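Novice: I'll drop the sequence and a predicted model, then ask my questions.
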There are 2 protein chains.
Amino acid sequence: VKVRLLLEYAGEAFHGWQEQPNQTTVQGTLSEALTTLLTSLAKRNGVAAPEIPHIQGSGRTDAGVHARGQVASFTWPASIPLDVPRLFLSLNAITPRALSILKVEQADDDFDARFSPHLKCYCYRIIQRRAAEGLRYKRAWRVSWPLNLTTMIAAAKHFEGQHDFSSFRAADCSAETTIRTVLRSEIVRSAEDEICYFVYGTGFLKQMIRIMTGTLVDVGRGIRGPDDIPAIIEARDRTRAGLTAPPDGLTMEWVRYLDRQIF
Amino acid sequence: VKVRLLLEYAGEAFHGWQEQPNQTTVQGTLSEALTTLLTSLAKRNGVAAPEIPHIQGSGRTDAGVHARGQVASFTWPASIPLDVPRLFLSLNAITPRALSILKVEQADDDFDARFSPHLKCYCYRIIQRRAAEGLRYKRAWRVSWPLNLTTMIAAAKHFEGQHDFSSFRAADCSAETTIRTVLRSEIVRSAEDEICYFVYGTGFLKQMIRIMTGTLVDVGRGIRGPDDIPAIIEARDRTRAGLTAPPDGLTMEWVRYLDRQIF
């Protein structure tokens, strides 16, 4: 039996998605919570403690990156009856408050949050003002340079389509192929002092959106032109793109699985 | 010369407004920053280091309570020329990122953020859902009981007007009079899973809004009726009201000074 989770989390409370020794991570926290629950359920049912299922996430968010709609999945052990409403309450009760399990559902056997084809939406939030972050502390990148929205909108459009994004990946990115498809890349003014950058795609390279954001801010500041973007993409050279924007501003907004009607 | 500050801060980063030994507070942080700046400016101007001005706030927010529009004021020492734009940049540069100095202005000599007559608006944010807080962690009170919005709206109305709010103040509240005027007391649905409680008044007792919120949630849960509120007010007895809602959900939204056109 497959179980699917819909998750919301505050990135500043975790060292990213992926389990790591001696670090609080989202995957590690969920894995620990499941271990506790399954061990106690196995005892109550008089069966041997099951192997702890491996939890897949739709994407491995970096340390400090937030999620409003991350999706995860795992295989529930056959030896223990699955009680979905109870699992929802138990997981929320034993995980930290910065991690919210919004939904728990039984999924099709062939569902896998990571490998089932899906579309993801990320949002990068930029505050443009001279004053410090205040209430948006750890939830946005505050820049004090004036930003030209028109040139940023034009620059963002150049990312749309299928490209080799080698210029926009972390040095330690281990992806086998660097070809990715960006379905939409859109700059929006979200408040008087705030800009949101929305990116939609089926998958992204490590730090890709943060490097794209850093490069778009260079355009907004006027130190690059919007039409420099195609040449930076073509160069396939990380040193040609801008700085990596801090993780604080990035949120995984939602995931849609393309072959089924879920969440 | 009087200086007025408009401040935004994330409550979880401070032990409240009021300066305290060995605690990071908003007033203490501003006072330290001013000391640093004035000492360095005095040296540069070849004058004796001035006395550190006392900083007044429009209200003393509790530990964990946020502000989107707190107002503060202090007297700038006569021996040092005041450069407003420079003071704005310097204060933002040397205070933590969770404290934002949104505006710095020269004010009338008789202006005092605390004692000049003003109207304040607070908002208390309640999440009503079974899942944990997630991205609203430390910024809202999450309750899992179903809440009846209609009875809460009716109950909130009873707080409007001039009353003795003895039933709604902290045990250690040292206010001389317990009479306060609530100009508006309003429950609003702000999202599918979120309720905001807006309170407008010229001043509040210690923890008054948090105790009013705790009592309104009792009404929403159905363990009190909306028409129990007048009797609780009349009793002038703290034990008759509900629990004190946690500070996390409360934000000082804005302050308007009634005798002048500012901010």
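Specialist: Yep, that arrived.
Novice: what sits against the residue in the stretch 101-250 of chain A positioned nearest to chain B?
Specialist: Residue nearest to chain B within the stretch 101-250 of chain A (C-beta to the nearest C-beta): A:G134, separated by 3.2 Å. The way it works is simple: take the backbone N, C-alpha and C, and place the C-beta from them, glycine included. Counting by C-beta atoms under 8 Å, 6 or more residues apart in numbering or on different chains, A:G134 makes contact with B:7-10, B:68, B:98-100, B:102.
Novice: which among those residues are in contact with chain A?
Specialist: B:7-10, B:68, B:98-100, B:102 (C-beta under 8 Å from any C-beta of the partner chain).
Novice: Take the residues you listed and lay them out in a markdown table including neighbour count, secondary structure and pLDDT.
Specialist: As requested, those are exported to a markdown table (neighbours: other C-beta atoms under 10 Å in any protein chain shown; DSSP: H, G, I helix; E, B strand; the rest coil; pLDDT from 0 to 100):
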| residue | neighbour count | secondary structure | pLDDT |
| --- | --- | --- | --- |
| B:L7 | 26 | strand | 98 |
| B:E8 | 23 | strand | 98 |
| B:Y9 | 29 | strand | 98 |
| B:A10 | 24 | coil | 97 |
| B:R68 | 18 | strand | 97 |
| B:A98 | 23 | coil | 97 |
| B:L99 | 26 | strand | 98 |
| B:S100 | 28 | strand | 98 |
| B:L102 | 20 | strand | 97 |
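Novice: got the residues you listed as a markdown table, with distance to A:F204 columns?
Specialist: What follows is those, written out as a markdown table (distance: C-beta to C-beta, whole Å):
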| residue | distance to A:F204 |
| --- | --- |
| B:L7 | 37 |
| B:E8 | 32 |
| B:Y9 | 34 |
| B:A10 | 29 |
| B:R68 | 33 |
| B:A98 | 30 |
| B:L99 | 34 |
| B:S100 | 31 |
| B:L102 | 35 |
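Novice: and which of these is nearest A:I223?
Specialist: Ranked by distance to A:I223 (C-beta to C-beta), the ones next to chain A among the contacts of A:G134 are led by B:S100 at 26.0 Å.
Novice: after the longest strand along chain A comes which helix or strand?
Specialist: Criterion DSSP state E: the longest strand present in chain A is strand A:179-191. Tracing the chain past strand A:179-191, the next element assigned as helix or strand by DSSP states H and E is strand A:194-201.
Novice: Identify all contacting residues around that next one.
Specialist: Against strand A:194-201 from outside (C-beta under 8 Å, 6+ apart): A:119-128, A:140, A:147, A:149, A:152, A:156, A:159, A:180-190, A:209, A:212-213, A:216, A:253.
Novice: Specify the angle between it and strand A:179-191 in degrees.
Specialist: 160 degrees (axes from the mean of the first three to the mean of the last three C-alpha atoms, to 10 degrees).
Novice: Might you report the residue contacts of the closest residue to A:A63 other than its chain neighbours?
Specialist: Leaving out its chain neighbours, the residue that sits closest to A:A63 by C-beta to C-beta, 6 or more residues apart in numbering or on different chains is A:G16, at 4.1 Å. Taking C-beta under 8 Å, 6+ apart, we find A:G16 in contact with A:25-26, A:60-65.
Novice: Assign A:G16 to helix, strand or coil.
Specialist: State at A:G16, reduced to three classes by DSSP: H, G, I helix; E, B strand; the rest coil: coil.
Novice: Next, the buried residues of the helix or strand where A:L91 lies.
Specialist: A:L91 is part of helix A:84-94, with elements assigned from DSSP H and E. Residues of helix A:84-94 classed as buried: A:87-88, A:90-92 (neighbour count, 16 or more other C-beta atoms under 10 Å in any protein chain shown).
Novice: Could you do stretch A:74-84 as well?
Specialist: So, applying 16+ other C-beta under 10 Å, buried residues of stretch A:74-84: A:74-77, A:80.
Novice: Out of those, name the ones that lie in strands.
Specialist: A:74-75.
Novice: Which member of the buried residues of stretch A:74-84 is positioned nearest A:A231?
Specialist: Taking the buried residues of stretch A:74-84 together and measuring to A:A231 by C-beta to C-beta, the closest member is A:F74, at 43.6 Å.
Novice: and the closest one, how far is that from A:F111?
Specialist: Distance of A:F74 to A:F111, computed by C-beta to C-beta, to the nearest Å: 10 Å.
Novice: shared neighbours, these two?
Specialist: With C-beta under 8 Å, 6+ apart, A:F74 and A:F111 have common neighbours A:K2.
Novice: quick one, strands of chain A?
Specialist: A:2-9, A:56-57, A:66-75, A:99-107, A:118-128, A:141-143, A:161-164, A:179-191, A:194-201, A:250-257.
Novice: And the ones you listed: which comes nearest B:G220?
Specialist: strand A:99-107 (21.1 Å).
Novice: Whichever of the contacts of strand A:194-201 end up buried, select them in ChimeraX.
Specialist: Per 16+ other C-beta under 10 Å, the buried members of the contacts of strand A:194-201 correspond to this ChimeraX selection:
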select /A:119,120,121,122,123,124,125,126,127,128,140,147,152,156,159,180,182,185,187,209,212,213,216,253
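Novice: how about the nearest residue to A:S144 once chain neighbours are set aside, what does it touch?
Specialist: Nearest residue to A:S144 in three dimensions, chain neighbours excluded: A:R130, at 4.9 Å (C-beta to C-beta, 6+ apart). When contacts are counted by C-beta under 8 Å, 6+ apart, A:R130 touches A:144, B:88-89, B:92.
Novice: Also A:H15?
Specialist: Shown in contact with A:H15 (C-beta under 8 Å, 6+ apart): A:23-25, A:63.
Novice: now those in a markdown table, with pLDDT and distance to B:T39?
Specialist: Shown next, in a markdown table, are those (pLDDT from 0 to 100; distance: C-beta to C-beta, whole Å):
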| residue | pLDDT | distance to B:T39 |
| --- | --- | --- |
| A:Q23 | 95 | 41 |
| A:T24 | 96 | 40 |
| A:T25 | 98 | 44 |
| A:A63 | 96 | 38 |
